[in-house]
Each structure stands twice: as structure tokens, then as C-alpha cells.
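Asks: With the input below, show me the fold.
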Amino acid sequence: MKIKMLKEAQRMTGTVKWYNEKKGFGFITLDSDGKDIFLHHTTLQPNEDNNITSGDCLTFTIKPQKKGLAATQVTRLEEVVQSRISKKNKPLKYKQIDSGLKFADLDLDSKILQAVRDSGYEAPTPIQAQAIPIILNGKDILGCAQTGTGKTAAFALPILQRLVSTKNNNNMKTKRKISVLVVAPTRELAIQIKDSFNIYGKYTGLRNTVVYGGVGQNPQVKKLQQGVDILIATPGRLLDLIRQGHINLGYVEFLILDEADRMLDMGFIKD
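Replies: I've put the predicted structure just below:
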């Protein structure tokens, strides 16, 4: 992993060399100069020490001590990256284009409608008005629309509706299995999609998570092991986790390829 400076003064990133759960300490390696930075469990976020393993990516500040350098204010790099991308790339506010319908006309659950109203929307855009009924009827669809027209909501809302109906019938007692797989070409878009599912599904009780490369996979694997209904992923990390046995796609009911043309342009056609 290449070490880079983050925006905060003197805040750096590094890779866990080793960590002893029982003793509560280990070392982080700085690739830039090969120095080992001492890591103590008291500097980690609450409840994270038992999940730290070799290869995890962390961000931290360095504090000189008598025996050498030590890490402090330690945070998982994945959370920093995801938080920053979410803040930088908030779900786009799409333009309200009159389609002649209201969201209330589209047979959406009251919990989903409430979340839509919380976001300030009353009427679907043309792509939403056309796509939502088709997806609700269980049909395949190929959609094409400009940025800012509400494409993500066009597939997120009906999928949430289908899942809410299914989960309610099953009383959500069984362990959650991946029912929805969304594949996106970049982690920025993947995180944006996750944020949209969070916004529109916040009252449904459904769980989602996102997996992407460039960061340690252990936090992502942990969330998968807890069980999720919706998985958003970039192609490379998705394939890695499938090969390692961390992802089972045997229960997937809905597959969404977002910006599929871009994925092909980026060379993912073989994958």
C-alpha cells in the first residue's frame, strides 16, 4: 500500500504489520521509510480492536514516545474514505420534472413514501414513472437517462418495495441473505448508491453494505458476515470476495449493472 498524506495535518495512513488480540497491541508499517509504528488497543475506535488483523489499512497521527513512535487517534481507512466520498459526492438532487404522477400512485409502501417525502420529492421523474411499475411487476429493464434525472431512485425504490413485501411475509426471522446485487464501476458511484439506499430505505429495516477495492477487506467481510439484504460492489472487490467464499450469490433476486457502458469501457467485459 502506498502511504499518502491525508488532508488533516500530520495524519497518515499505514498497513497493520501484526496485531495480538489478547495482548492488545501490534505494529503498523510505514511503506515510505519502512518504519514500524507502535499500535495499542486504547488508540482504536471502540469495539474495533478484536477485528484488527494483518493487512488492514488504518489512518492515524504519530506521537513520539520514549521507546519510539506510536500511533494515536487510529481510525479504519475504509471509514475515512467512505465518509469523505459520501460528503463529497452526496446523492444528486434531481430536477422535479412533471410526469403527471405522484409517488403515492406507484403502489409504494408507506415507509418508503415517507422517506421519499423526507427527501423533498412528491412526483417521480419520467425515468422513474416508466421504470418503477415495470420493476414492481418483476420485468427486466434497460434504462438510459441523463445524470440528475433520478436514475438511482428509479431502481432503488421498486427494489426496496419488492424486498419489503418479501421480508414482511417471512417476518425477517431467518439470517439475511443477499437478495440484491448492484455492480458499479467506481467506489465513488458505489458509495453514492449505498447512500441512496440508506436514504430511501431508512424506515424499512433492510440492511445494505458496499464493498470496493483500495482499502482493507476485513471490515467489509465483517459486515457481510452479519448479513445484508442489499450489496453494492465494484467488480474487482466483488470477484475477490466471491473467490474467497465471503459472498454467496445463490439467493440474489435482483441484479443491477449501473453505468454498464462505463464498466465495459474500463475493461471489465471479461469479468
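
Asks: Residue 179: neighbour count?
Replies: 19 (other C-beta atoms under 10 Å). Placement of C-beta: from N, CA and C, glycine included.

Asks: Please shift the residue numbers so they start at 19 in all later answers.
Replies: In the new numbering, first residue 19, that becomes residue 197.

Asks: I'd say it and residue 273 touch.
Replies: No. Taking C-beta atoms under 8 Å as the definition, residue 197 is not a contact partner of residue 273, at 10.5 Å.

Asks: okay, now the nearest residue to residue 126 once chain neighbours are set aside: neighbour count?
Replies: Nearest residue to residue 126 in three dimensions, chain neighbours excluded: residue 179, at 5.3 Å (C-beta to C-beta, 6 or more residues apart in numbering). Using other C-beta under 10 Å, the number of residues around residue 179 comes to 23.

Asks: Make sure residue 179 is indeed in a strand.
Replies: No. Per DSSP: H, G, I helix; E, B strand; the rest coil, residue 179 lies outside any strand segment and is helix.

Asks: Return the residues in contact with it.
Replies: Contacts for residue 179 were tallied using C-beta atoms under 8 Å, 6 or more residues apart in numbering; they are 125-127, 130, 154.

Asks: of all those, which comes closest to residue 62?
Replies: Within those, proximity to residue 62 (C-beta to C-beta) peaks at residue 130, which comes in at 37.0 Å.

Asks: so which strand or helix has the closest one?
Replies: Assessed by DSSP states H and E, residue 130 sits inside helix 128-136.

Asks: Could you say which helix or strand holds residue 243?
Replies: helix 236-244.

Asks: Skip ahead from that helix and say which helix or strand is next.
Replies: Helix 236-244 is succeeded, C-terminally, by strand 248-251 (DSSP H and E).
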